[in-house]
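**Q** The sequence isn't on hand, but the structure is:
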Ligand code: ARG
């Protein structure tokens, strides 16, 4: 059910009938004021400008077409011309009710894979997200990539697109020489890998100290990288041990975060190793890369600075070593070729913007990325502390993600216990995990993706405002109504009850509920889960107003009204659950 799409089609047809060129965008958007109707079509303005005609006259023709063709009969109760050429559309209450009753029969499965979109439009989308560097433990910097990417992936799957997750883990490169040299010494004593690598941060620090200070160690480390990259078995074995343990650390975090990444989604930098020299050979053969001071370089004229100097993109170092850039070029070819992607989406922090611009230009030139394949780097801002500087521990160190998540759960437990002192220990554990993790995720996902944001425990764990606890609470309140309703002993509502839209609060809810798919489409096109967060918050707020204004179980309410409102509550609960599920946030019946 996509209102915007229905209106777009009808109005586009009327625009053509009124003499506008085929393909003119009707530009349908939600009205921001109720007196302007529910939706507006603003496309006439732009079209008139192009044709150099009077927009109001043109809009009058379009409105006349709509009324003579009767195409919106039964859908809109009123279509009016406004201002210099806007068309305001008031939807028919009965139509909304019919649509909503249809949605009520839909299967909300509370998990993704609803597959609304089927047939020709299905896209293969490669989504590159999370991608921690395995040399160290996951820190807060990887939270955003992991959860924003996962929300977009689930939104795509909800719509029915084919998603291929790619966890482009940093598992290669010079640091690994230092790490395997250190590991090899530890194992030569009687330590086993699991204990030596129990604390990856510590291990990294020890290795780095030796690298910087210990005579001969740095040379050994460098030699080990070369051996590793050329396939030496002993080095590969040490590396594999290290990587396995580091991946296991990440997996613990994924599980805690309720993120859908699996081991089979890992396609780390190392996986491209064998292809890198071919990439360079091709770039050289096509004269895209040239030799410069011993290195192989692409001079990108398209990205020249204001003095006309091209942007320099190194693809192979003078010693022969490959770089992050080389791997990304190879990844372009793999994803558009082997994986047959229609669209490639990559989530990293904003500082990598330049890198991905360079990669795209070079990959397109080299034919690694055909024109029809979309390449979209989705940058995000940083997580800041209360003082507005990058989020760090009190001593200035990076914050381990695992510790941050544990703290969220402990804080949520304190909060829940305060609200509900008699809660059993088992239930407390269960709920505080969902609330704590949900709070961290929602706080992050609800922010504009590209801006920096301030991480604040107090606001994210509040039961008021746009927070996970507020939404989870709204959901559980609906469940408690169901358990109170005698008609719904098993939590089930009469599925055949008809929802009647009578009160203004009910109309507002109907309209909102029918916008889930519009919202998800918008999330997908710009990779902005914050739109879904806003939507869910508005939905929950409308529910709260409805609950105040429209009694459900009170004495004197007729059975018909009771059944209608319970059925409406069921659609609200389903939509909240479905929406939160796309964000990877869980709900519970009681909290
Ligand atoms: N490992 C990188 C980092 O931590 C992110 C990798 C993103 N993906 C890519 N194809 N380069 O910043």
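**A** Ah, there it is. Since this is a predicted model, take the numbers as computed values, not measurements.

**Q** Spell out which parts of the protein neighbour the ligand.
**A** Residues of the chain lying near the ligand by CB under 6 Å from any ligand atom: 128, 131, 133, 168, 170, 328, 331, 346, 348. Bear in mind the C-beta positions are built from the backbone N, C-alpha and C, glycine included.

**Q** redo that, cut-off 5 Å
**A** Within reach of the ligand by CB under 5 Å from any ligand atom, the chain has these residues: 128, 131, 133, 168, 170, 348.

**Q** Against residue 178, how distant is the closest residue in space to the last one that isn't next to it in sequence?
**A** Nearest in space to residue 348, with sequence neighbours left out and distances taken as CB to CB, 6 or more residues apart in numbering, is residue 145 at 6.1 Å. Spatial separation of residue 145 from residue 178 under the definition CB to CB, to the nearest Å is 25 Å.

**Q** okay, those two: which has more neighbours?
**A** In terms of neighbours (other CB atoms under 10 Å), residue 178 is the more surrounded of residue 145 and residue 178; the figures are 24 against 20.

**Q** which residues of the stretch 201-350 of the chain score low on pLDDT?
**A** For the stretch 201-350 of the chain, no stretch is flagged by pLDDT under 70.

**Q** wait, isn't residue 588 in contact with residue 478?
**A** No. Applying CB atoms under 8 Å as the test, residue 588 and residue 478 come out as separate, 11.9 Å apart.

**Q** all strands for this protein, in order.
**A** 28-30, 39-41, 76-82, 86-91, 124-128, 162-166, 290-292, 295-300, 311-316, 343-349, 374-380, 383-384, 453-454 (DSSP state E).

**Q** List the strands paired with the first one, with their directions.
**A** Using DSSP bridges, the strands paired with strand 28-30 are strand 39-41 (antiparallel).

**Q** got any ranges where the stretch 401-550 of the chain has weak pLDDT?
**A** For the stretch 401-550 of the chain, the ranges with pLDDT under 70 are 486-493, 495.

**Q** so who does the residue nearest to residue 348 touch?
**A** Applying CB atoms under 8 Å, 6 or more residues apart in numbering, one finds that residue 145 lies in contact with 129, 130, 131, 347, 348, 349, 380.

**Q** Could you check how many residues crowd around the second one?
**A** Using other CB under 10 Å as the criterion, residue 130 is surrounded by 29 other residues.

**Q** quick one: the residue lying closest to it once chain neighbours are set aside from residue 346, how far?
**A** Excluding its sequence neighbours, the residue lying closest to residue 130 (CB to CB, 6+ apart) is residue 146, at 4.2 Å. Separation of residue 146 from residue 346 (CB to CB) stands at 13 Å.

**Q** swap in residue 509?
**A** Using CB to CB, we find residue 509 at a distance of 37 Å from residue 346.

**Q** before we move on, what about residue 398?
**A** Following CB to CB, the distance that separates residue 398 from residue 346 is 22 Å.

**Q** ditto for residue 12
**A** For residue 12, the distance to residue 346 - CB to CB - is 33 Å.

**Q** same check, this time on residue 218
**A** Plainly put, residue 218 is 33 Å away from residue 346 if you go by CB to CB.

**Q** out of those two, which sits in the more crowded spot?
**A** Shown here are residue 218 and residue 346; by other CB under 10 Å, residue 346 has more neighbours (25 against 16).

**Q** pLDDT at the residue lying closest to that one once chain neighbours are set aside, what is it?
**A** In space, and not counting its chain neighbours, residue 346 is closest to residue 128: 4.3 Å by CB to CB, 6+ apart. Turning to residue 128, the model gives it a pLDDT of 98.

**Q** And for residue 128, the neighbour number?
**A** Residue 128 has 23 neighbouring residues, counting by other CB under 10 Å.

**Q** can you check residue 56 too?
**A** So residue 56, with other CB under 10 Å, has 16 neighbours.

**Q** Show the contacting residues for it.
**A** 81, 84, 85.

**Q** and if you look at residue 11?
**A** 26, 28, 41, 43, 62, 66, 87.

**Q** Next, format the residues you listed as CSV and append pLDDT and distance to residue 204.
**A** Output for the contacts of residue 11, formatted as CSV (pLDDT from 0 to 100; distance: CB to CB, whole Å):
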residue, pLDDT, distance to residue 204
26, 94, 56
28, 93, 53
41, 94, 58
43, 94, 56
62, 94, 65
66, 93, 66
87, 95, 61
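
**Q** Quick one, which of those residues are buried?
**A** The neighbour-count criterion (16 or more other CB atoms under 10 Å) marks 26, 28, 41, 43, 62, 66, 87 among the contacts of residue 11 as buried.

**Q** how about the nearest residue to the fifth one, chain neighbours excluded?
**A** Spatially, and ignoring its direct neighbours in sequence, residue 62 is nearest to residue 18 (4.7 Å; CB to CB, 6+ apart).

**Q** And for the one you found, the neighbour number?
**A** For residue 18, the count of nearby residues is 19 (other CB under 10 Å).
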